[in-house]
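K.L.:
show me how the following folds:
(one chain, ligands or ions: 2)
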Amino acid sequence: MRIVLCYPVGEKHIAQLQAAAPDFEIINAGQERIDELLPTAEIFIGHAKVPVNWDRVLDAGKLRWIQSSAAGMDHCLVPGVIAEDRIVVSSASGLFAPQVAEQTFSLLFGLIRRAPLFFRAEAKRQFMRLPTDDLRGKTVGIVGMGGNGRMIAKMLAPWDVKIVGTDYFPEQKPPEVAELWPAGHLDQLLQCSDYVILTLPLNASTRGLFGQQRFEQMKRGSYLVNVARGAVVQEAALCDALQSGQLAGAGLDVTEVEPLPPESLLWDDPKVMISPHVGAQSFRRVDDSTAMAAINLKRYQRGLTPYNLVDKTLGFPKPADLYRGQSE
Ligand SMILES: NC(=O)C1=CN([C@@H]2O[C@H](COP(=O)(O)OP(=O)(O)OC[C@H]3O[C@@H](n4cnc5c(N)ncnc54)[C@H](O)[C@@H]3O)[C@@H](O)[C@H]2O)C=CC1
Ligand SMILES: O=C(O)C(=O)CO
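P.N.:
Ligands and ions are numbered 1, 2, ... in the order given. Here you go, the predicted model:
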């Protein structure tokens with residue numbers, strides 16, 4: 001019985017997992033040995049940013065459970081995994097919400113207070129003193145009111161803003177959100193928001209969701225912050241919307257291709273702030289995801305469904321299955 005890991009863990013993390021599953025052999029395959037070792041595993045813990053040969057894994061027929069160390073499941077919800085009933089999948093949904101919210105704010109406030117322009121001037125030792133926008137009284141639209149979206153709404157509330165959102169489960173409206181519409185009602189959100197924050201998963205129905213048509217629905221001079229997945233946004237259309245002034249700025253923690261290629265026009269645009277997909281990437285990330293994996297490992301061995309069980313049709317967990325810090 002073997003658990004294969006593929007994420008940067010330390011010895012203390014391996015020990016924590018081993019204590020939770022003493023009868024399992026635990027191997028950290030790293031990115032180099034994932035193709036060789038994953039077909040031999042019953043359990044996979046990690047996120048395969050490196051390409052995994054899923055056909056080989058599925059042909060081997062051993063895998064029973066994938067515990068993703070990422071909230072986004074786009075890396076492993078391939079058709080073969082979705083179709084294979086014997087493979088249970090669980091995510092790290094919501095686990096990094098405080099850190100992702102902080103990163104969202106660093107982009108949002110950076111855009112509002114014209115940080116890209118001022119930092120460019122600073123690099124040239126220029127004291128560029130210009131007025132900026134501010135947040136009070138504005139409407140912020142959050143697309144995807146899961147763990148990340150909720151944390152952003154909660155932290156935003158004291159700013160005296162109107163918060164609206166869309167989600168698959170609009171009946172679960174947090175108190176600080178004025179309106180939570182069903183996912184299909186994106187038009188309403190875009191038409192009223194001064195700042196649009198993307199916190200929804202990437203899947204077949206959200207890939208390329210933000211293209212020319214969506215940008216035209218947004219208020220002229222509004223801003224986009226994407227802390228979800230780059231491929232939710234069509235970058236060529238984003239560049240056009242920024243150039244025409246339809247969008248006043250964009251803050252991107254994620255891009256269609258990562259690392260963002262040097263030739264991308266986004267690098268040079270002073271209305272754009274880019275961070276290198278670091279939303280979840282604080283020093284505590286591995287501690288948190290390992291702790292949750294250890295809890296789910298114990299549940300797996302007791303025949304219980306893991307927390308954050310991914311509904312394979314939806315591509316993310318239903319609210320009732322979410323991990324909310326339980327210890328067992
Ligand atoms: N920048 C970064 O470092 C990070 C990025 N992410 C990305 O953010 C996404 C969200 O993460 P969590 O909030 O933790 O996941 P989550 O699973 O808690 O929330 C996802 C929410 O999106 C909603 N949703 C799904 N499709 C939608 C649609 N078309 N329109 C509106 N809402 C929709 C779902 O109902 C769910 O409530 C992940 O899927 C991942 O891609 C997550 C963590 C870190
Ligand atoms: O958890 C996720 O989905 C992330 O993007 C973290 O890197």
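
K.L.:
how about the residues of the stretch 201-328 of the chain by ligand 1?
P.N.:
201-202, 206, 227-229, 253-254, 277, 279-280, 316-317 (C-beta under 6 Å from any ligand atom). From N, CA and C alone the C-beta is placed, and that goes for glycine too.

K.L.:
and those residues near ligand 2, which?
P.N.:
On the criterion C-beta under 6 Å from any ligand atom, 277, 280 are the entries of those that sit beside ligand 2.

K.L.:
wouldn't residue 39 be in contact with residue 62 here?
P.N.:
Yes. Using C-beta atoms under 8 Å, residue 39 is in contact with residue 62, at 6.7 Å.

K.L.:
just the residues of the stretch 201-328 of the chain next to ligand 1: which are in strands?
P.N.:
316-317 (DSSP state E).

K.L.:
and the gap between the nearest residue to residue 43 once chain neighbours are set aside and residue 28?
P.N.:
Leaving out its chain neighbours, the residue that sits closest to residue 43 by C-beta to C-beta, 6 or more residues apart in numbering is residue 3, at 4.4 Å. As judged by C-beta to C-beta, to the nearest Å, residue 3 and residue 28 stand 10 Å apart.

K.L.:
and residue 40, by the same measure?
P.N.:
To residue 28, residue 40 is 14 Å away according to C-beta to C-beta.

K.L.:
please enumerate the shared neighbours of the two.
P.N.:
residue 4 (C-beta atoms under 8 Å, 6 or more residues apart in numbering).

K.L.:
who's more crowded, those two?
P.N.:
residue 28 (19 against 15; other C-beta atoms under 10 Å).

K.L.:
quick one, phi/psi of the residue nearest to the spatial centre of the chain?
P.N.:
By C-alpha atoms, centre = their mean, the mean C-alpha position of the chain lies nearest to residue 228, the distance being 4.0 Å. When quoted as degrees, to the nearest 10, the phi and psi of residue 228 stand at phi -100, psi -100.

K.L.:
how much space separates the closest residue in space to it that isn't next to it in sequence from residue 108?
P.N.:
Of all residues not flanking residue 228 in the chain, residue 198 sits nearest, at 4.4 Å (C-beta to C-beta, 6+ apart). Distance, residue 198 to residue 108, by C-beta to C-beta: 12 Å.

K.L.:
neighbour count: those two, which is higher?
P.N.:
Set residue 198 next to residue 108 and count neighbours by other C-beta under 10 Å: residue 198 wins out with 27 against 23.

K.L.:
okay, now the domains of this protein?
P.N.:
Domains of the chain are assigned by the TED database as 2-93+282-317, 96-274.

K.L.:
now do the contacts for the closest residue to residue 118 other than its chain neighbours.
P.N.:
In space, residue 118 comes closest to residue 128 once its chain neighbours are excluded; the distance is 6.0 Å by C-beta to C-beta, 6+ apart. By C-beta under 8 Å, 6+ apart, the contact set of residue 128 is 117-118, 121.

K.L.:
dump the one helix or strand residue 4 maps to to CSV, restricted to CA.
P.N.:
Using DSSP states H and E, residue 4 maps to strand 2-6. Listed next in CSV are the C-alpha coordinates belonging to strand 2-6 (Å, rounded to 0.1, in the frame of the first residue of the first chain):
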residue,chain,number,x,y,z
ARG,A,2,1.7,3.1,-1.2
ILE,A,3,1.1,6.8,-1.0
VAL,A,4,2.9,8.9,-3.6
LEU,A,5,3.5,12.6,-2.9
CYS,A,6,4.3,15.3,-5.4
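
K.L.:
any idea which helix or strand comes after that strand?
P.N.:
Next element after strand 2-6 (DSSP H and E): helix 11-20.

K.L.:
elements contacting that next one?
P.N.:
Applying 3 or more C-beta pairs under 8 Å, 6 or more residues apart in numbering; DSSP states H and E, one finds that helix 11-20 contacts strand 2-6, strand 25-28, helix 285-301.

K.L.:
sounds good, over and out.
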